[in-house]
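Novice: no FASTA, just this:
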Ligand code: ATP
């Protein structure tokens, strides 16, 4: 159902020194949607992601996820509630195998933040056959099954982004925040990444919020797009409407 809100953030503010990186920003993501977040460089998109997942604390504002306020939770607890994210530059553990990266993601129940966990391959429960099987199924779905036993560090930037998505899926999330999934990715792999996002959305009902500068990606994937400029909401609506919105065009051309 595309009109049930899964994430509702209101009045989020964050300043760094004198810079209002995000100011009174709102965003809504409906269950089962692929929602876009766009805006010129420095608009506050990544800061907003950091606020939603509490990687940094808002000065002000409220975040409701799946009906519950979450802004008081630690980011690993937010991940446990089913809100997970990827990063602009993929944070994979390069000295672990691709498969171990996936298995480590499933360790979230230990209470560790798995994105910050130290390299401890021994804590990965290899004997847990079910987890292994699930990891292999997901690696297949991100096109990395053949790389399962390679070091994550041997992957290309685009493949690392796919691995990060695989890891996010490994946690059985309700919502995945993707920070620039197409940035720095070989153009041939971009279509592939988009196809996989669409497949998880259509087949598994996975909900996505996506920051992306590549407008083709945003326009082809998203049901609804939110536009930030200078930390504030500029517009939101269906992609076709946003593409021709005068205020949006001016914000981009003004830079
Ligand atoms: P881009 O598209 O270039 O990634 P963005 O829309 O994600 O940009 P942010 O990275 O959120 O924008 O930055 C918003 C503003 O906040 C910018 O002016 C940036 O310089 C500033 N900013 C972000 N993080 C910090 C920080 N940790 N310390 C100081 N200033 C920051």
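Specialist: Happy to help now that I have it. What you see is a predicted model, and the numbers here were worked out from it, not measured in a lab.

Novice: C-alpha only now, for contacts and for neighbours.
Specialist: Will do.

Novice: Buried residues, stretch 155-172. List them.
Specialist: 155, 157-172 (16 or more other CA atoms under 10 Å).

Novice: Show me the residues you listed that map onto helices.
Specialist: Restricting these to those inside helices, with DSSP state H as the criterion, leaves 157-170.

Novice: The ligand contacts on the protein?
Specialist: With the criterion set to CA under 6 Å from any ligand atom, the chain comes near the ligand through 16, 21, 40, 41, 42, 43, 44, 45, 46, 47.

Novice: between those residues, which has the most around it?
Specialist: The most crowded member of these is residue 45, carrying 26 neighbours; neighbours defined as other CA atoms under 10 Å.

Novice: my guess is that one meets residue 230, correct?
Specialist: No: using CA atoms under 8 Å, residue 45 makes no contact with residue 230, being 9.6 Å away.

Novice: For the closest residue to residue 101 other than its chain neighbours, grab the count of nearby residues.
Specialist: The spatially closest residue to residue 101, leaving aside those adjacent along the chain, is residue 93, at 6.5 Å (CA to CA, 6 or more residues apart in numbering). Using other CA under 10 Å, the number of residues around residue 93 comes to 21.

Novice: quick one: residue 93 from residue 158, how far?
Specialist: In this structure, residue 93 and residue 158 are 15 Å apart, going by CA to CA, to the nearest Å.

Novice: And residue 229, by the same measure?
Specialist: For residue 229, the distance to residue 158 equals 27 Å [CA to CA].

Novice: Equivalent analysis for residue 22, please.
Specialist: 29 Å.

Novice: again with residue 210
Specialist: Counting by CA to CA, the separation of residue 210 from residue 158 is 16 Å.

Novice: can you give me the strands in the stretch 151-255 of the chain?
Specialist: For the stretch 151-255 of the chain, the strands defined by DSSP state E, counting those that start in this stretch cover 175-179, 207-211, 224-229, 232-237.

Novice: tilt between the first one and strand 207-211?
Specialist: Using axes from the mean of the first three to the mean of the last three CA atoms, to 10 degrees, the direction of strand 175-179 lies 20 degrees away from that of strand 207-211.

Novice: The third one now?
Specialist: Between the axis of strand 224-229 and that of strand 207-211 there is an angle of 30 degrees, by the same axes, to 10 degrees.

Novice: Which strands or helices does strand 224-229 pack on?
Specialist: Using 3 or more CA pairs under 8 Å, 6 or more residues apart in numbering; DSSP states H and E, the elements in contact with strand 224-229 are strand 34-38, strand 232-237, helix 239-243.

Novice: mean confidence score for it?
Specialist: The average of the pLDDT scores along strand 224-229 is 96.

Novice: could you check the angle strand 232-237 makes with that strand?
Specialist: Here strand 224-229 runs at 160 degrees with respect to strand 232-237, directions being taken by the same axes, to 10 degrees.

Novice: so where is the stretch 1-150 of the chain shaky, pLDDT-wise?
Specialist: In the predicted model, the stretch 1-150 of the chain carries pLDDT under 70 at residues 1-2, 88-90, 107-128.
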